[in-house]
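In: Sequence first, then the predicted structure:
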Amino acid sequence: MKTYFAVLIIIVCLSILYPLQKIIDASHPPEEKVQQFLYVSSPTHIKELSFGFDGALADLYWLRSVQYYGRQLLNENNEVSFSQKVDQKLLFPMLDITTTLDPQYVQAYRFGGLFLPDYDPKLALDLLYKGIKENPNNWRLYQALGTVYWQIKDYKKAGEIFLKAGEIPKSPAWLKIIGGVMYSQGGSRATACQLYATLYQEATDDFTKGQMETQLKRVYALNQVDYLNSLLERYKEATGVCPPSLTLLIKTVQQNQEKGECGEIIQIQVNEKGELISILGDKFNYDPTNCKINMPYRVFDPLK
C-alpha cells in the first residue's frame, strides 16, 4: 500500500510539472527561471529525491542547460550569434546535476567541456574528469579534455591527453596526429585551425558545428588584425603619421594575396558604410593615436 501511494504521488507530481514550468516561464526572466529550477542545488540531494526517475530528471536538467545557454546566443533578430556575451555562472551546476542523475550522459559532459572554458576552465576540467571516471573508454571525453588543456596553454598535457585518447579502441587516427602536433607546435594558430576544423568535421550536431565554425573564424580574424596592423606600421614608416581612418587601406586590402597563419588568403570585406569588417562581421576597433587595431571582444589566441 505504501509503495502504491508513493508511486501515485510521483505520477501526480510529474503530471503537474510541465504546466507549472510553463507558468514560471511566462512570468519570470530566463535567468530567474533557471535559478528557481535550481532551488535544490545539490546533485546528491536531487538524486535522493528523484524516486528512481533519474533518467527523466536528467533529461529535464539537460534541456534546461541547453535552453539557458542557447537563449543567450540569440541576437535582436532572434538569430543565433556566437559573438553574443553569455552569462555562464549557472551552466556548471545544471550540468553537474544532469551528470549526477545520469553518469553516462556523455553529451552533457562534452557540452560543458566546449562552453565552460570561457567562464572557468577549472569547472570544465572538473566536469570532464568526472565524465571520464564514469566513462573511461569514451574517446570523445578525452578529446574534449585535451582541448581544454590546449585552451589554457598546457600544450604538453594536451598532447598527452590526445595521444591517450588515440589508444582507446575504435578511436579515430587523427587523435594521435593532433597529439603530436600539440607537442611540437601547440602554441600556434595553425594548430588552432587544424583542431577546430577537425572538431567541426567530427561534430554530430549543428550547435557544435556552429561553435567550431565561429572558433575558426575567430582565428582568421586574429590573422586579419595582424595583417592590418602590419599595413598601418608600413603607412606610418612611409608618412611619419598614423592614417586618420582605415578607409585609406581599402584599395591595398582588396588587392591582397597574403596568407594567414592557417594558410588562408586574408580577405577583408568592406560594408555598406565603407568600413573594413572582420570575417565575424563586425568592424575593426582602430585607435589612430597608436596605429593599432584590436578585437572588439576577447578572443583566445594561442600566440599570446
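Out: Happy to help now that I have it. Residues are numbered from 1 along each chain as shown.

In: and stretch 242-256, how far out from the chain's middle?
Out: 33 Å (C-alpha atoms, centre = their mean, to the nearest Å).

In: repeat for stretch 88-107
Out: Worked out by C-alpha atoms, centre = their mean, stretch 88-107 lies 16 Å from the chain centre.

In: Now do the end-to-end distance for it.
Out: Stretch 88-107 has an end-to-end distance of 18 Å (criterion: C-alpha to C-alpha, to the nearest Å).

In: List the buried residues for that stretch?
Out: Buried residues in stretch 88-107, counting neighbours by 16 or more other C-beta atoms under 10 Å, are found at 88, 90-103, 105-107. Yep, even glycine has a C-beta here, placed from its N, CA and C like the rest.

In: among the residues you listed, which are in helices?
Out: 91-101, 106-107 (DSSP state H).

In: what's the most distant pair in these?
Out: Farthest-apart pair in those is P93 and V106; separation 18.9 Å (C-beta to C-beta).

In: show me where the stretch 101-250 of the chain has strands.
Out: All residues of the stretch 101-250 of the chain lie outside strands when identified by DSSP state E, counting those that start in this stretch.

In: hey, where'd the helices end up in it?
Out: 106-115, 121-134, 139-151, 155-166, 174-185, 189-202, 206-239, 250-254 (DSSP state H, counting those that start in this stretch).

In: With mean pLDDT and distance to T289 added, can I get those helices in TSV?
Out: Below are the helices of the stretch 101-250 of the chain laid out as TSV (pLDDT from 0 to 100; distance: least, C-beta to C-beta, whole Å):
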stretch	mean pLDDT	distance to T289
helix 106-115	93	36
helix 121-134	97	34
helix 139-151	96	33
helix 155-166	95	36
helix 174-185	92	35
helix 189-202	92	28
helix 206-239	92	12
helix 250-254	92	21
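
In: Out of those helices, flag the one nearest Q269.
Out: Short answer: helix 250-254, nearest of these by C-beta to C-beta, at 9.0 Å.

In: So what touches the closest one?
Out: Contacts of helix 250-254 with the rest of the structure, by C-beta atoms under 8 Å, 6 or more residues apart in numbering, involve 228, 231, 268, 270, 274, 276.

In: ranking the residues you listed by neighbours, who comes first?
Out: L228 (23 neighbours; other C-beta atoms under 10 Å).

In: check contacts around that residue.
Out: 246, 249, 253, 268, 276, 284, 293.

In: again, only this time at 10 Å
Out: Contacts for L228 (C-beta atoms under 10 Å, 6 or more residues apart in numbering) come out as 246, 249, 252-253, 256, 266, 268, 276, 278, 284, 286, 292-293.

In: next one: D301
Out: 187, 189, 192, 218-219, 222, 225-226, 295.

In: Distance-wise, check the residue sitting nearest the centre point of the chain relative to I268.
Out: By C-alpha atoms, centre = their mean, the mean C-alpha position of the chain lies nearest to F115, the distance being 3.7 Å. Per C-beta to C-beta, to the nearest Å, F115 is found 29 Å from I268.

In: ditto for W139
Out: 38 Å.

In: how's this structure carved up into domains?
Out: 20-75+83-136, 223-294 (automatic domain parsing).
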